[in-house]
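Asker: just coords:
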């Protein structure tokens, strides 16, 4: 198909892994508007570590030599539904809506039919993948607009400001899903490992769900923030014997650790778990591995697992919980621009954000669109 | 305390890890008879790989320099309750009873109070551990008698012959517990990895519990045996693409693999699991480690765990199931003697047994005891 047959959007893109901190404003093709699609005028978008893993090639992104500027940013998008396809039933034009990190699954397999569409063997992420039948690479939220299937478009409750809702749609759901799937709630003791963009959602969701919530961090630097988020306890792994007083007392540990190298002592975490307790990783380190012996697992019969995003059902539940309980994301906003995106990526690499960037002021950046 | 204050039993013992294939008949001290103890005249005893791991020092057994011949064999014991302590309520003198691999736990902690006594932080195995307050090393079942706490003594249903019941008490419970705790039953698809002493129990319990049961083995050599045990399917990992047709179809995999080195491809097994399916190891390799990345776990949100024996409650349930459904252990019997124990250990090291040895004819070997 000739390029001219496609509609075009405008956005801030990265050229290649070698220049992943440099963004350029460009026009790009978008997929044909489908009868189940929603077209969204983007209002704001969160910035997450997945961006860095993707644009620096760390997660093995291979579309770079194929399409310049294929990667167009992030996946925590809030905006206005401009129009909806002829068969769309879940979204109405004019609604404020959000889009997260997933944009497609087969909708037919056992996983899809059981609210497990994020585990569909054919599932596709919001950016850096190729739309079936078109060759068009999916794009993210550093753009003027986005169009995607209604299943992955979520009405945003009025009670949640856009810039606080946006990061819930990837970082938030990444923590919400493993918490609810593994029983976090009243009477349960939950630990969140790492207090970053993901971790801060772990704490506020676990508290909103009613669990006794602890933070496990390297140092004591973030202890006050953890308390402000509602954490009931704080453990610093730099302290000698940090896990001694808590062995076999936790029901669930959600780890956001981005590396299992260096001082990451998995066994010390597993010792915290009650019989058949679970350690679930939501971090996806680029290289390091967990080395596990059955002896590390069979003294308390614990389980090690990992989690990937969450279902539409969970996304709606999460947003409802946030609206109902007044859950507030901790967000720093930056007006979207080439310079500010570069700054956000660089500061994120240094973990210099408490606890999430949301790019805003899209109306100023994309004045011609409306 | 002087040695003479203790009662003595007689048994077949190993001197040290260096001579772990050589057994000597010896007398040894036994712990004082407690008011909650049962004294058992042993009739037969299974032989399991745990013996080899223990007597060759592979599991880090350290009591060797302290007590010559401390290790006295196995932990799958059936015999007659000769007498019971003054406070015993669970067992009557004269009953046919069994003893498994555990002989003590604190009975006070959260684990013990919730039918998780095998995960008690203070739990003690039947042999090679030191009885509290005495310095006496626990002994196993290659002996004339055994005395132990009633909680770990189980009445054997009349329908189960002693030589078939004995191996159920360690190998059997090791497979039964993770099957029932992880939902094996009607409508569930279960794989047993490795068809040895443990694995054969995996198959016959999973079938007795009503699950669709598959065996995963290296080669096709044991396929006919698997079918005779009732397996519904058989996969050989030596076949190219062996897991392709079964990806994301299994609810549960219980692995008895004794090594994770060489060709053990954990990822190929994990790919078999449905969303949030579980891979549970009951094998306890001496050295090799599982190397796990979150990417290996998050595509289907699966869990990796391990299991340790089973509770008294489960032991009684398992024996009842065996009696009710006529479940038969596959056993080769050998009259107990120095020579036959040596042979059993050597053949077990070569996996040359289908599928469990039970040492029998104790009345002949220990004629003076009665």
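Answerer: That came in fine, so what should we check first? The structure displayed is predicted, hence computed values, not measured ones. Residues are numbered from 1 along each chain as shown, chains lettered A, B, ... in the order given.
Asker: rest of the way, CA atoms for contacts and neighbours
Answerer: Will do.
Asker: with adjacent residues omitted, what lies nearest to residue A:83?
Answerer: Once flanking residues are discounted, residue A:83 sits nearest to residue A:93: 4.9 Å by CA to CA, 6 or more residues apart in numbering or on different chains.
Asker: the one you found: neighbouring residues, count only.
Answerer: The burial count assigned to residue A:93 is 15, neighbours taken as other CA atoms under 10 Å in any protein chain shown.
Asker: quick one: it from residue A:150, how far?
Answerer: Applying CA to CA, to the nearest Å, the value for residue A:93 to residue A:150 is 12 Å.
Asker: name the element residue A:97 belongs to?
Answerer: Assigned by DSSP states H and E, residue A:97 belongs to strand A:96-99.
Asker: who does that strand touch, helix- and strand-wise?
Answerer: Packing partners of strand A:96-99 (3 or more CA pairs under 8 Å, 6 or more residues apart in numbering or on different chains; DSSP states H and E): strand A:77-84, strand A:153-155.
Asker: partner strands of it, with direction?
Answerer: strand A:77-84 (antiparallel), strand A:153-155 (antiparallel) (DSSP bridges).
Asker: following the shortest one, which helix or strand comes up?
Answerer: Past strand A:153-155, further along toward the C-terminus, the next helix or strand under DSSP H and E is helix A:162-165.
Asker: tell me the most buried of the helices and strands packed on strand A:96-99?
Answerer: Mean neighbours per residue, mean count of other CA atoms under 10 Å in any protein chain shown, is largest over the helices and strands packed on strand A:96-99 for strand A:77-84, with a mean of 25.
Asker: all helices of the stretch 201-350 of chain A, in order?
Answerer: Here the stretch 201-350 of chain A has its helices, by DSSP state H, counting those that start in this stretch, at A:223-229, A:266-270, A:294-298, A:312-325, A:338-349.
Asker: if we can go back for a sec, quick one: pLDDT of the residue nearest to residue A:83?
Answerer: Note on residue A:93: pLDDT of 98.
Asker: verify the stated contact: it with residue A:86.
Answerer: No - shown here, residue A:93 and residue A:86 do not form a contact pair, counting by CA atoms under 8 Å, at 11.4 Å.
Asker: one step back: can you list contacts of the strand holding residue A:97?
Answerer: Outside of strand A:96-99, the residues within contact range by CA atoms under 8 Å, 6 or more residues apart in numbering or on different chains are A:40, A:75-81, A:152-156, A:165-166, A:169.
Asker: run the last query once more with 6 Å
Answerer: With CA atoms under 6 Å, 6 or more residues apart in numbering or on different chains as the test, strand A:96-99 has contacts from A:77, A:78, A:79, A:80, A:153, A:154, A:155, A:156.
Asker: check stretch A:319-331 too.
Answerer: Contact with stretch A:319-331 is made by A:159, A:164, A:355, A:356, A:357, as judged by CA under 6 Å, 6+ apart.
Asker: against residue A:255, how distant is the nearest residue to the fourth one once chain neighbours are set aside?
Answerer: Going back to what we said before, that points to residue A:356. Using CA to CA, 6+ apart and skipping the chain neighbours, the partner closest in space to residue A:356 is residue A:331 (4.8 Å). Distance, residue A:331 to residue A:255, using CA to CA: 21 Å.
Asker: then residue A:113?
Answerer: As judged by CA to CA, residue A:113 and residue A:255 stand 28 Å apart.
Asker: more neighbours: which of those two?
Answerer: Neighbours were counted for residue A:113 and for residue A:255 using other CA under 10 Å; residue A:255 has more, 25 against 12.
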